[in-house]
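Asker: build me a structure from this.
(one chain, ligands or ions: 1)
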Amino acid sequence: MNEKTDILGRDEIVRLVDTFYGKVRSDETLGFIFDEVAAIDWDAHLPKMYAFWRTVLFRDGGFRGDPIGKHARLVPLTTMGREQFDRWLELFRETVDELFSGENAGHIKRCAEDMANVIHSKINAIPDDRLDPARLTPEKRARYAAYRDGVGR
Ligand code: HEM
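Answerer: So this is what the prediction gives:
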């Protein structure tokens, strides 16, 4: 039997990102946003996303970027609403579950959900009271503090 391992380091991140964006590119809701609207260079985007997820999970990817700004630029060009983010998350969760299982696999899905909510509400200027610090559980507060201290600096 082919036991699934957890996401343990660089190799698994590469596999996850490559498989995920393979699905995204052929997805009816999302593919054209990457290939036609943004017309991104995949040879540059994929390594950037390896760095991003390594930074989130292991703090060793050295990601520097502007995810909010990059997604905000798409808003006047195409719909970047709940439907698009929900589809993105569906494909992301599906890919993680297909390939991996374990603590980091769970963690990366929760990180993706949090970031999708943040990006979605920021770029559409939607007040999201789930992000009100007064409403956060202690677990979430600790997790957000870890992003603040470790990611995107
Ligand atoms: C509707 C869903 C989404 C779409 C259509 C989308 C599309 C894109 C596109 C087209 C770019 C390239 C922008 C550019 O280089 O100009 C990009 C970059 C990026 N995306 Fe997304 N994205 C989505 C959701 C997400 C989510 C939920 C995350 C995080 C969990 C994420 C993380 C990133 C990151 C880290 C970059 C690189 C930003 C940078 O270069 O600073 N995306 N995305």
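Asker: helices along this protein, start to end?
Answerer: For the chain, the helices defined by DSSP state H cover 10-25, 31-32, 42-58, 67-72, 82-99, 103-123, 138-150.
Asker: in TSV, list the ones you listed along with mean neighbour count, distance to the ligand and mean pLDDT.
Answerer: Just so you know, the C-beta spots here come from the backbone N, C-alpha and C atoms, and that holds for glycine as well. TSV is the format used below for these (neighbours: other C-beta atoms under 10 Å; distance: least, C-beta to the nearest ligand atom, whole Å; pLDDT from 0 to 100):
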stretch	mean neighbour count	distance to the ligand	mean pLDDT
helix 10-25	17	8	98
helix 31-32	14	9	98
helix 42-58	16	4	97
helix 67-72	14	4	94
helix 82-99	16	4	98
helix 103-123	17	4	95
helix 138-150	12	11	74
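Asker: how close does the residue in the chain that the ligand sits nearest to get to V56?
Answerer: Distances between the chain and the ligand by C-beta to the nearest ligand atom are smallest at G65, namely 2.4 Å. Using C-beta to C-beta, to the nearest Å, we find G65 at a distance of 12 Å from V56.
Asker: what's the answer for D97, then?
Answerer: Per C-beta to C-beta, D97 is found 18 Å from V56.
Asker: and if you look at T78?
Answerer: As judged by C-beta to C-beta, T78 and V56 stand 25 Å apart.
Asker: do R82 as well
Answerer: Counting by C-beta to C-beta, the separation of R82 from V56 is 22 Å.
Asker: same thing with L30?
Answerer: Separation of L30 from V56 (C-beta to C-beta) stands at 20 Å.
Asker: can you check N104 too?
Answerer: Distance of N104 to V56, given as C-beta to C-beta: 10 Å.
Asker: nearest spatial neighbour of R25, skipping sequence neighbours?
Answerer: Sequence neighbours aside, G31 is the residue nearest to R25 in space, at 5.0 Å (criterion: C-beta to C-beta, 6 or more residues apart in numbering).
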